[in-house]
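**Q** here you go, sequence then predicted model.
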Amino acid sequence: MIHSVLLILSWLMPLLLAATAIIAPRLTWKALVFAGFPGLAAVFLVPVGSSVEVPVLLLGTRFGLDQVGMGFLFLTTVIWILAAWHAKGYITTRRSSFGVYFLLAMSGNFGLILAQDMVGFYLFFALMSFASYGLVIHERTPEARYAGKVYIVLVIIGEVLIFSGMAGVGTLAGTTSFAQFGEDWVSQGRGALFFGALFLGFGIKAGALPLHVWLPLAHPAAPTPASAVLSGAMIKAGLIGWLRFLPIGDAALPGWGAIYIGIGALAFIAAALYGCMQANSKALLAYSSISKMGLMTMAVGVILVEPDSATVVIPCILVFATHHCFCKGALFLSVSINRNDVSPGLRRWLTTFLLLVPPLSLAGFALTSGEVAKTMMKVGLSASISVKALTGLAVLLAINSLLTAGLMFRFCWQRFKHSPHAHQPPGAATFLAWGTLVGIVIISPLLLVTFYPVTLGKSLSIGALWSSIWPVLVVSAIGAVLVNRSWLFVPRWPAGDMLFLYLLLTRLIEWFGRVSSRFATAVSVDFLRKLFIPPKAGYHFKSLLRQTESRLGMATVFGLVFIGLLTLSTYLLFEHI
Amino acid sequence: MTAHLVITVVLVPILASIFTLFCGDMMRRVVCQIAGLTVLGSTCLIAYQTGHSRDVLNIVLSGWEAPLGIRLYLDGLSALLLLTTAIIAVCITFFAEAYFGVKARSGRLTFFWPLWFLVWAALNGLFLSGDVFNLYVTLEIINLAAVAMVALPRTHESLKAALNYLVIAFLGSLSYLFGVAILYTSHGTLDIQLLAELAGIDGPYILAAVLIFIGLMIKTALFPLHFWLPPAHASAPTPVSALLSGLVVTASAYMIIRLGFTVFAPLMHTPLTLLLGVLGGLAVLWGSVHALIQERVKMVVAYSTVAQLGYVFLALPVVVSGSDLAAMVWYGVLYFVICHACAKTAAFLAAGTLINVVKHDRIAQLSGAAQHWPMVFMAFGMAGVNLIGLPPSGGFIGKWLMLQAMINSGQWLLVLILIAGSLLAAGYIFRVLGIALQTSEDSRPPVPAPLQLTLTTMILAVLPLLLGVFSQLPFSLLAVGSPFGALP
Amino acid sequence: MTVALLYSITGFLLFLMGICGLIFRSSLIRRALALNITASGIFLFIVAQAYKGESALPDPVPHGLVLTGIVIGASATALMIYLIGVLRYVSPGDNDSGEEE
């Protein structure tokens, strides 16, 4: 009983609190931190495998907790709770609107992890995606609006893709329950088409390579706690979507696997490189997220090629996702922490130390969660790929380690050198939430070892330790020499890299539309002129539409249509019998 | 017990209509509220009883059996429609009370009330009719009263719209009547169930079907016979627009479904449905594109009605009688129509509230309006969610069922149209919202929107979302007396 | 050819004539009349169906239908003529009520 209640309350609580905002916005704001507690409680109290049926909701929906869901729910609830706490000190304007969007997105994120059928998943996914639009545009600056526009366009495209994919899969498989639809649908009829739609639709959320353009724009624009949940938790929703919808671990799909590995590897390297050229700390972190998601995409690809490896690789993905979520969340939150706000002395030194932990961890320095996660991923993947591929993987990992170290070096440099005095120091909650999260990052190697005992030992070997230390040392050495030579940091590439290509594309479509409508108007207006009455307005698409509409209202046209339809349908029917 | 309630829901609005014609202002208000709440209560009881007993009810008035007498027929579909109509109608009643305000105490606008209750009575009668001729009579009452209401403002454009509407609707009903006459000639009965049993495809039957369908297509404003709808719906006073777009077109859509799956079920897998599907698809696209280029909120909503009604016909080509697909289409279309009724009324009421405070509804000049009247735009947005067909709205469930039927039968073109229609709907809803959500420098202290207007709008905007989330109850009610049994 | 059939065909022709009038006449009054002719055609058709032969009594139901139809038709015509009448006195842009846009 208590399990069912927790499973439902996890997503219902934020939703209810969001609804409360209509009546009592202050109460909602006060309770923001507690919205995620039922979810966290569910992680610890609800045993894996329990589920609850809610028949009145949407043609019958099931919520449940499985191994994968449990892993994701843990990291998601923790980051949301801490981000909420951080927000209480950080957000000073438009609190109620932020609170409502935040809670709605939170409810969506928890719900999609727990949903055990497609329609429920889709509903919560849509709720999360649309609500986070409100988070992205929270500042209402032109940049935020622009980022919001790019984001919402991609979200809508994603929704359409997911919806069509889901409808297709549901129809081919004959069920909407995740547990039942198996892998047969991929090989049927248009299965590949639906696979593609789902791949792209969730890829947008997961920041997969050609579709990642919203991330580097949305993160700098959103308020810090929102960026933390966007990058820490919501980006993983795309990954969950893949794991839930696609027959991962059930069917061998080498073609799709190769695509996944290819774009994953590309993102893994290219995004990290591009991120090094970012002037904005949050854009830099966004590129780092794209790069790390690339590694997880590669892991998914490996499972698609070798379905049997799922039992080994999925825990690796979970470990990596957990590490990345906490680490990236802490990094984003530290953007709003300024060393100079703290009174000099021991506290400032402590702050400095805490500021250094997440970058080191993300760069995979020895004994941090980053090292544990990376080693585990390496070992997990090496069990299921060929020797040649393993060499490639090792090279990729080494390059990425260097680039990530570079990224983090630049990040720290920006934080310590360029951080100006804040006009008003953020509230105490901001510091406390950030400190707690960094604390979690510090102890997360222990956490990971507790939750996933396999990681122990693999990450403590001399080789692993050495491979985790040298990139940081090399980059720090190079950086220390060059840090005052500003030319190193001159390259400032705009955030959003490939976006201009899409913009070009929309221009092209617009141009094509204009030309073709002009052409169509020119042709059909002449045609209409001969048929009816000369047009009054110029050759314009809108006026053509309006004119046609008013023509339809003319008695003659109407009468002819009426008689025409009458004869046509009579004829059709008589022809039929 | 239920029989008495059924009589009540038809009789009380008629009585209210007569009373409101004669009594003074105070008395009128009391009568409106009492009548409205009585009918709402009765329909709730009817729906409960029907859902509980799971029986259809036949009421033969004063002992006159068919074909001479009037037979009332109550199944789950009728009960659900009665209930939805009652909820919408009560909201419109309270809305109109506040909207017309003092202006309606004397002069021409007082005629709104008798006409409105007449429409309500006829709607209830229509949903309860068990024979094709009663359908005709009730539909005619609805139309005549609706035309009179459109003409109420007595401006040039409203008179013109009313006249156009009247001519077209009259032609439509004549066509329908001709069809009914032919059906009676060849089968000797007007009863829907008897006709359904006797129906077999022959010459007169086809003629009757064509005439009846064309009549109903005109009334449902199917492309290209839709041109009368947007001017009529947009130039009327807002409560009238809301009830025209929310309830009146629902009535004719209901007739199409009711007759299409009973009397004309044998025609459901002929080229006729293909034609209807094509026209429905064109209506979806045409209406949506026109909604995109309108300059006034009410025109956007009115063209959206044209588009949304297209969906009623769009799914018909996939129906192959007796299969699961037919059941899916039946449930999907009906659910869609019911949710559309609520959402469309809410959208019009939101536009009306806006007119009440800003005195215009030109989209270009609404920049920043959402700051001043957030609740109004929230209601509009929630209604929009249903019109687009996003989850968790009921419109989503309706479209989802239609979509599944289309995919199952491999009609990919229809799937494409449905998705394109949803995208276009997102376009015209977000176009209005986008402009309203802009931050404007204008910091005039706004006139607050009257609570009664906002509240009724909000109730109707939330309703389709509730229908989407809690769909089990309405579906189990629909299953009572459904030609297909429960949803597969 | 029976009398009933003759009536039916005449009714159908009247129906078509009415629709033609609706299409090809622009005057509003003429259109209203055309619609009435259409209606009369249908009524004639229905009444003709009541004929059951020399010896049998005619079927009363069609008469009922036609009577109802005539009442509705008359109301619709009245409303139409009223609207046409008022339309003459209200020019475009005239807003004599002042309640709506």
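**A** Yes, it's here. Residues are numbered from 1 along each chain as shown, chains lettered A, B, ... in the order given.
**Q** buried residues in the worst-scoring helix or strand of chain B on mean pLDDT, which are they?
**A** Ranking every helix and strand in chain B by mean pLDDT, DSSP states H and E puts helix B:369-372 at the bottom, with a mean of 77. Going by neighbour count (16 or more other C-beta atoms under 10 Å in any protein chain shown), the buried part of helix B:369-372 is B:369-372. In this view, the C-beta of every residue, glycine as well, is placed from N, C-alpha and C.
**Q** tell me which strands and helices it is in contact with?
**A** In terms of contacts (3 or more C-beta pairs under 8 Å, 6 or more residues apart in numbering or on different chains; DSSP states H and E), helix B:369-372 is packed against helix B:374-388, helix B:412-437.
**Q** so what does the shortest one touch, helix or strand wise?
**A** Helices and strands in packing contact with helix B:374-388 are listed as helix B:324-358, helix B:369-372, helix B:394-408, helix B:412-437, helix B:451-469; criterion 3+ C-beta pairs under 8 Å, 6+ apart.
**Q** equivalent analysis for the last one, please.
**A** Counting contacts by 3+ C-beta pairs under 8 Å, 6+ apart, helix B:412-437 is packed against helix A:142-173, helix B:271-292, helix B:297-314, helix B:369-372, helix B:374-388, helix B:394-408.
**Q** ok, 6 Å please
**A** Here helix B:412-437 touches helix B:271-292, helix B:369-372, helix B:374-388, helix B:394-408, going by 3 or more C-beta pairs under 6 Å, 6 or more residues apart in numbering or on different chains; DSSP states H and E.
**Q** the closest residue to residue B:401 other than its chain neighbours: how many residues sit nearby?
**A** Of all residues not flanking residue B:401 in the chain, residue B:332 sits nearest, at 3.1 Å (C-beta to C-beta, 6 or more residues apart in numbering or on different chains). A count of nearby residues for residue B:332, using other C-beta atoms under 10 Å in any protein chain shown, gives 23.
**Q** need the contact list for residue B:332.
**A** Residue B:332 makes contact with B:398, B:401-402, according to C-beta atoms under 6 Å, 6 or more residues apart in numbering or on different chains.
**Q** return the member of the residues you listed nearest to residue B:452.
**A** residue B:398 (30.1 Å; C-beta to C-beta).
**Q** my read: the closest one touches residue B:336, true?
**A** Yes. Applying C-beta atoms under 6 Å as the test, residue B:398 and residue B:336 come out as touching, 2.9 Å apart.
**Q** can you find the helix or strand in chain A with the smallest mean pLDDT?
**A** Per mean pLDDT, DSSP H and E, helix A:499-531 ranks last in chain A, at a mean of 66.
**Q** out of the buried residues of helix B:369-372, the closest to residue B:235 would be?
**A** Closest approach to residue B:235 among the buried residues of helix B:369-372 (C-beta to C-beta): residue B:369, at 21.8 Å.
**Q** what's the closest one in contact with, if anything?
**A** With C-beta under 6 Å, 6+ apart, residue B:369 has these contacts: residue B:436.
**Q** report all helices and strands that the top helix by length along chain C contacts.
**A** Of all the segments of type helix in chain C, defined by DSSP state H, the longest one is helix C:60-89. Helix C:60-89 is packed against helix B:156-187, helix C:28-49, with contacts defined by 3+ C-beta pairs under 6 Å, 6+ apart.
**Q** quick one, it and helix C:28-49 angle?
**A** Interaxial angle of helix C:60-89 relative to helix C:28-49 (axes from the mean of the first three to the mean of the last three C-alpha atoms, to 10 degrees): 180 degrees.
**Q** and the angle from helix C:60-89 to helix B:156-187?
**A** Orientation check (the same axes, to 10 degrees): helix C:60-89 against helix B:156-187 gives 170 degrees.
**Q** what residues sit buried inside helix C:60-89?
**A** Result for helix C:60-89 [16+ other C-beta under 10 Å]: buried residues C:61-62, C:65-66, C:68-69, C:72-73, C:76-77, C:79-80, C:83-84, C:87.
**Q** kindly report the same for stretch A:8-24.
**A** Burial within stretch A:8-24, assessed by neighbour count using 16+ other C-beta under 10 Å, is assigned to A:8-11, A:13-15, A:17-18, A:20-21.
**Q** what would those look like in TSV with secondary structure?
**A** Below are those laid out as TSV (DSSP: H, G, I helix; E, B strand; the rest coil):
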residue	secondary structure
A:8	helix
A:9	helix
A:10	helix
A:11	helix
A:13	helix
A:14	helix
A:15	helix
A:17	helix
A:18	helix
A:20	helix
A:21	helix
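**Q** so which of the residues you listed reach chain B?
**A** Among these, none lies close to chain B by the criterion of C-beta under 6 Å from any C-beta of the partner chain.
**Q** tell me the least confident of those residues?
**A** Among the buried residues of stretch A:8-24, residue A:21 carries the lowest pLDDT, at 81.
**Q** might one say that it is in contact with residue A:100?
**A** Yes. Assessed by C-beta under 6 Å, residue A:21 is found in contact with residue A:100 at 4.8 Å.
**Q** tally of neighbours for the closest residue to residue B:74 other than its chain neighbours?
**A** Spatial nearest neighbour of residue B:74, chain neighbours left out: residue B:57 (4.2 Å); criterion: C-beta to C-beta, 6+ apart. Neighbour count for residue B:57, taken as other C-beta under 10 Å: 21.
**Q** around chain A, pick out the residues from chain C.
**A** Within chain C, the positions adjacent to chain A are C:22-23 by C-beta under 6 Å from any C-beta.
**Q** any weak-confidence spans in chain C?
**A** Along chain C, the parts satisfying pLDDT under 70 run over C:1, C:93-101.
**Q** for chain A, what's the nearest residue on it?
**A** Nearest residue of chain C to chain A (C-beta to the nearest C-beta) works out as residue C:23 at 3.0 Å.
**Q** if I look at that residue, how far off is residue A:556?
**A** Distance, residue C:23 to residue A:556, by C-beta to C-beta, to the nearest Å: 6 Å.
**Q** show me where the stretch 401-550 of chain A has its helices.
**A** Using DSSP state H, counting those that start in this stretch, the helices of the stretch 401-550 of chain A run over A:428-451, A:462-482, A:499-531, A:541-553.
**Q** now these in TSV, with mean neighbour count and distance to chain B?
**A** Listed next are those as TSV, based on neighbours: other C-beta atoms under 10 Å in any protein chain shown; distance: least, C-beta to the nearest C-beta, whole Å:
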stretch	mean neighbour count	distance to chain B
helix A:428-451	19	27
helix A:462-482	15	42
helix A:499-531	12	12
helix A:541-553	16	4
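**Q** re earlier: let me know which of the helices and strands packed on helix B:369-372 is tucked in deepest.
**A** Of all these, helix B:374-388 carries the top mean neighbour count, a mean of 24, counting by mean count of other C-beta atoms under 10 Å in any protein chain shown.
**Q** what mean pLDDT does that one have?
**A** For helix B:374-388, mean pLDDT is 87.
**Q** likewise for stretch A:75-84?
**A** Stretch A:75-84 shows a mean pLDDT of 93.
**Q** with stretch A:449-458 instead?
**A** If you average the pLDDT over stretch A:449-458, you get 67.
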